[in-house]
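Engineer: with the input below, show me the fold.
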Amino acid sequence: MHRNIIVTTPKSEMENSRLEAEKCIENGGGYYFRTIAKQPKDIEPFKSFIYYVEDGYVRGRAVIMGVTGGTEDCSVTNREWGNNKSKNIWMQANTWEWINPIQMKGFQGWRYFDDKDVKVVGGWKDEKPLTNN
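Structural biologist: Next comes the predicted model:
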């Protein structure tokens with residue numbers, strides 16, 4: 001059995017996330033990674049999703065392609081992320097899907113996420129769906 005996880009994009013990183021997506025679209029593809037403190041159980045590459053909370057809403061998801069350990073260099077922020085104990089969740093940009101936004105407070109770390117009420121409304125090159133705010 002595989003499970004999905006959810007993470008929050010901090011307000012301070014929202015612009016970097018937008019730039020990262022823009023760069024992948026311009027290049028016709030690419031990879032994203034998200035650094036987390038510890039390995040979630042029961043995530044399965046090519047079957048599990050990572051969902052993102054941004055600005056008070058679950059906005060979208062991508063297929064988890066793999067998990068690596070240690071540090072990674074980000075070409076958008078020119079920063080090194082992680083440490084010798086952290087894990088990096090890898091996603092291929094073209095697997096990103098926008099979902100009908102679901103209201104949710106942001107949080108630190110990651111959680112498991114039940115996606116039974118998720119409705120996909122767009123792909124990786126589409127505009128971010130609007131909210132009712």
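
Engineer: tell me the contacts of Glu80?
Structural biologist: 71-74 (CB atoms under 8 Å, 6 or more residues apart in numbering). Backbone N, C-alpha and C define where each C-beta goes, glycine included.

Engineer: meant to ask about Lys85, not that
Structural biologist: Going by CB under 8 Å, 6+ apart, Lys85 touches 37-38, 69.

Engineer: going by distance to Tyr112, which of these wins?
Structural biologist: Lys38 (13.1 Å; CB to CB).

Engineer: how far does the longest strand seen in the chain sit from the chain's center?
Structural biologist: With secondary structure taken from DSSP state E, the chain has its longest strand at strand 57-69. Distance of strand 57-69 from the chain centroid (CA atoms, centre = their mean, to the nearest Å) equals 4 Å.

Engineer: for that strand, buried residues please.
Structural biologist: Of the residues in strand 57-69, 57-65, 67 count as buried by neighbour count, 16 or more other CB atoms under 10 Å.

Engineer: where does pLDDT dip in the chain?
Structural biologist: Of all residues in the chain, those with pLDDT under 70 make up the ranges 133.

Engineer: which parts of it are strands?
Structural biologist: 4-9, 31-36, 49-54, 57-69, 72-73, 80-81, 87-92, 97-103, 110-113, 120-123.

Engineer: the third one - which strands sit beside it in the sheet, and in what orientation?
Structural biologist: Same thing as strand 49-54. Within its sheet, strand 49-54 is paired with strand 4-9 (parallel), strand 57-69 (antiparallel), according to DSSP bridges.

Engineer: as TSV, those with distance to Arg111 would be great.
Structural biologist: Below are these laid out as TSV (distance: least, CB to CB, whole Å):
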stretch	distance to Arg111
strand 4-9	5
strand 57-69	11
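
Engineer: mind checking which of those is nearest Gln108?
Structural biologist: Here strand 4-9 is closest among the strands paired with strand 49-54 (CB to CB), at 7.2 Å.
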